[in-house]
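J.: build the 3D model from these lines:
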Amino acid sequence: MARNPPVPETYYDRVAAQHALPLWVDTAQYVPKEPTPPYDPALWRSEDIRPLLMEAGDVVTPEEASRRVLVLQNPAFSGFQGTTRSLYACLQLILPGEHAPEHRHTQSALRLVLEGEGGITTVDGGRVEMAPGDFIITPSWTWHGHTHEGDTPMIWLDGLDNGLMAQMDTTFFEVGQTELPGTGPVSTSAEEKDGEPSEGGERVLRYPYDKARENLEILRKVTDIDPSHGYRMEYLNPADGGSAMPTMTTMLMLLDDGFTGQPYRSTDGTIFTVLEGEGETMIGGQAFPWKRHDIFVVPSWSEYAHRADTESVLFSFSDRVVQLKLGVWREARSS
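T.: Residues are numbered from 1 along each chain as shown. From the prediction side, this is the model:
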């Protein structure tokens, strides 16, 4: 078979001038054999990040910021690119007597309360009470604001699907009313629905931590321990029994004192928040020691294993539900 003549030196320049790329030059770059996420495993220690958030309460007014939020930016990214390629993890502070005015956006948002009592999130006029450990949902394109009726600062984790919306170019944002909202009915919570599918599609916006913690204890009594995840449950939507959120899978896991997990990996990059205990997670051969209120991220298809030095509870969120709907989610376990 005759060999083709050498590619002319100017050929690739002429291709580039037409805003085209020759796939054959580096096929692996465009179609890798397995996920190669462009972000790193990372840990944000509460003892380091909390003082900076509290300082924002002294130097940034609510009028200046609308929300006092620190985005947990993956160290591999520059600019506002988030914690994984599809998700943002943030920490928000609201002080007693303050009000964050209403707005709405196409991004879905979750709140995981870390400290403080007396916070109220309003969603389309309905009050959603906030207590430590509670998981709270702000659905896409709903008006929402925050009010603090308590006596001590409140801090919570925000989780948003900003990256996913940006990739699809579906981001919209509007500013709403500035007066104090929250005169509507109190939102139904998962505790009131008792976790069972309901008729009529009534949405649940609050999953109280005390009920979730109780369910973890029940799991420990009636199920076998998962060798990688301990005792783990997923938050579900009682209206249909599916994922609590359309774009983010949310889970809570209980690790026994001394638990050493088997290595595991999956295609959904996952953000973990420590609610109780202390331990360490090995991610791609790198150790990340953690304790209460620390936050860490495991990139897509990175092997990781948890170890608990004391009984521990970890909350996690990822884009697994989207991958499952598309039929592309994968997992693998190692012994």
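J.: can you give me the strands for the stretch 101-250 of the chain?
T.: 109-115, 119-123, 126-130, 135-138, 144-148, 154-160, 173-175, 206-207, 231-234, 249-255 (DSSP state E, counting those that start in this stretch).
J.: tell me which of those sits nearest to R320.
T.: strand 249-255 (3.9 Å; Cβ to Cβ). Backbone N, C-alpha and C define where each C-beta goes, glycine included.
J.: so that closest one versus strand 154-160, what angle?
T.: The directions of strand 249-255 and strand 154-160 differ by 130 degrees, with axes from the mean of the first three to the mean of the last three Cα atoms, to 10 degrees as the criterion.
J.: just checking, what packs against strand 249-255?
T.: Other helices and strands packing on strand 249-255, by 3 or more Cβ pairs under 8 Å, 6 or more residues apart in numbering; DSSP states H and E, are helix 209-222, strand 231-234, strand 312-318.
J.: what's the span of stretch 311-328, first residue to last?
T.: When the termini of stretch 311-328 are compared using Cα to Cα, to the nearest Å, they are 34 Å apart.
J.: report the buried residues of it.
T.: Residues 311-323 are the ones in stretch 311-328 that count as buried (16 or more other Cβ atoms under 10 Å).
J.: closest to W329 out of those residues?
T.: Relative to W329, the closest of the buried residues of stretch 311-328 is Q323; by Cβ to Cβ it sits at 3.7 Å.
J.: hang on, that closest one packs against M248?
T.: No - in this structure, Q323 is not within contact of M248 by Cβ atoms under 8 Å, at 11.3 Å.
J.: where does pLDDT dip in the stretch 151-300 of the chain?
T.: Scanning the stretch 151-300 of the chain for pLDDT under 70 picks out 177-202.
J.: same thing but at 80, please
T.: 177-203 (pLDDT under 80).
J.: helices along that one, start to end?
T.: 162-168, 190-193, 209-222 (DSSP state H, counting those that start in this stretch).
J.: can you redo those helices as CSV with mean neighbour count?
T.: What follows is those, written out as CSV (neighbours: other Cβ atoms under 10 Å):
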stretch, mean neighbour count
helix 162-168, 18
helix 190-193, 18
helix 209-222, 14
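J.: dump the ones you listed into TSV; add distance to S302 as well.
T.: Shown next, in TSV, are the helices of the stretch 151-300 of the chain (distance: least, Cβ to Cβ, whole Å):
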stretch	distance to S302
helix 162-168	17
helix 190-193	31
helix 209-222	25
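J.: leaving out sequence neighbours, find the closest residue to H306.
T.: With sequence-adjacent residues excluded and distances taken as Cβ to Cβ, 6 or more residues apart in numbering, H306 is closest to G261, at 4.3 Å.
J.: same question, F296
T.: For F296, ignoring the flanking residues on the chain, the nearest one in space by Cβ to Cβ, 6+ apart is L43 at 4.3 Å.
J.: in TSV, list the strands of the stretch 101-250 of the chain along with mean neighbour count.
T.: TSV is the format used below for the strands of the stretch 101-250 of the chain (neighbours: other Cβ under 10 Å):
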stretch	mean neighbour count
strand 109-115	22
strand 119-123	25
strand 126-130	20
strand 135-138	25
strand 144-148	23
strand 154-160	23
strand 173-175	10
strand 206-207	24
strand 231-234	18
strand 249-255	23
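J.: can you put those strands in TSV and add distance to V297?
T.: As requested, the strands of the stretch 101-250 of the chain are exported to TSV (distance: least, Cβ to Cβ, whole Å):
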stretch	distance to V297
strand 109-115	15
strand 119-123	24
strand 126-130	24
strand 135-138	18
strand 144-148	25
strand 154-160	11
strand 173-175	25
strand 206-207	22
strand 231-234	18
strand 249-255	15
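J.: wait, which of the helices of the stretch 151-300 of the chain is closest to P153?
T.: Nearest of those to P153, taken as Cβ to Cβ: helix 209-222 at 18.5 Å.
J.: not counting its own residues, what contacts the closest one?
T.: Outside helix 209-222, the residues that touch it by Cβ atoms under 8 Å, 6 or more residues apart in numbering are 113, 131-135, 190-191, 195, 231-233, 235, 252-254, 256, 275, 313.
J.: between strand 312-318 and that helix, find me the angle.
T.: Here the directions of helix 209-222 and strand 312-318 differ by 110 degrees (the same axes, to 10 degrees).
J.: the inter-axis angle of helix 209-222 versus strand 109-115?
T.: Going by the same axes, to 10 degrees, helix 209-222 makes 90 degrees with strand 109-115.
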